[in-house]
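Asker: The following comprises the amino acid sequence and a computationally predicted model.
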Amino acid sequence: MTGPSRLLLRSAFLSLACGLTLGVLFTLDRPLGAALRPMHVELNVWGFVTLMIYGVGLFIVPRFAGRPLRRPRLVRAVAIAAPAGVFLSAAGWLAAWQRMDIARGALLAGGIAQAVAAGGFIVLIGELLLARR
């Protein structure tokens with residue numbers, strides 16, 4: 001498995017572990033669940049699901065297409081931006097719960113990083129699927 005895919009998959013499982021831990025905590029403290037639900041969703045949906053799709057997709061799709069990805073630097077950028085965006089956003093939700101001034105900036109930075117990563121993934125996979133042999 002390639003380094004970027006490995007990083008994405010490890011980040012996905014770290015995100016899942018954090019999201020599941022929050023879910024268990026919510027059963028013990030219902031008001032905490034109401035306050036941190038956005039963070040829980042961030043970690044489970046954007047974190048686990050999206051990072052898993054990126055990690056597996058960047059590894060499997062080129063093999064199915066019979067061609068390598070044409071932009072290795074973009075692959076690395078996606079592998080860095082996607083987890084960074086998830087964990088920045090999760091930190092932003094935690095900061096928002098604590099009413100910290102940095103919350104809005106962390107959420108914005110995380111959202112931008114996630115959007116950049118999604119765009120990069122679309123370009124990488126799109127080039128493979130739309131290219132003529």
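Answerer: Yes, it's here.
Asker: in what helix or strand does Cys18 lie?
Answerer: In this assignment (DSSP states H and E), Cys18 forms part of helix 3-28.
Asker: Next, the buried residues of that helix.
Answerer: Going by neighbour count (16 or more other C-beta atoms under 10 Å), the buried part of helix 3-28 is 4-5, 7-9, 11-12, 14-16, 18-19, 22, 26. All C-beta atoms are positioned from the backbone trio N, CA, C, and that covers glycine.
Asker: out of those, who's nearest Leu124?
Answerer: When the buried residues of helix 3-28 are ranked by distance to Leu124 (C-beta to C-beta), Pro4 comes first, at 10.3 Å.
Asker: What average pLDDT does the helix holding Cys18 get?
Answerer: pLDDT averaged over helix 3-28 equals 96, rounded to a whole number.
Asker: which secondary structure elements does that helix contact?
Answerer: On a contact count with 3 or more C-beta pairs under 8 Å, 6 or more residues apart in numbering; DSSP states H and E, helix 3-28 meets helix 30-41, helix 51-65, helix 72-97.
Asker: hang on, the earlier thing: from the buried residues of helix 3-28, which is closest to Phe59?
Answerer: Ser5 (4.1 Å).
Asker: if I pick the closest one, what's in contact with it?
Answerer: Gly55, Val56, Leu58, Phe59, Ala79 (C-beta atoms under 8 Å, 6 or more residues apart in numbering).
Asker: Let's see that with 7 Å instead.
Answerer: Residues near Ser5 by C-beta atoms under 7 Å, 6 or more residues apart in numbering: Gly55, Leu58, Phe59.
Asker: Gly111 now?
Answerer: Gly111 touches Gly85, Ser89, counting by C-beta under 7 Å, 6+ apart.
Asker: Leu43 versus that one, what's the distance?
Answerer: 15 Å (C-beta to C-beta, to the nearest Å).
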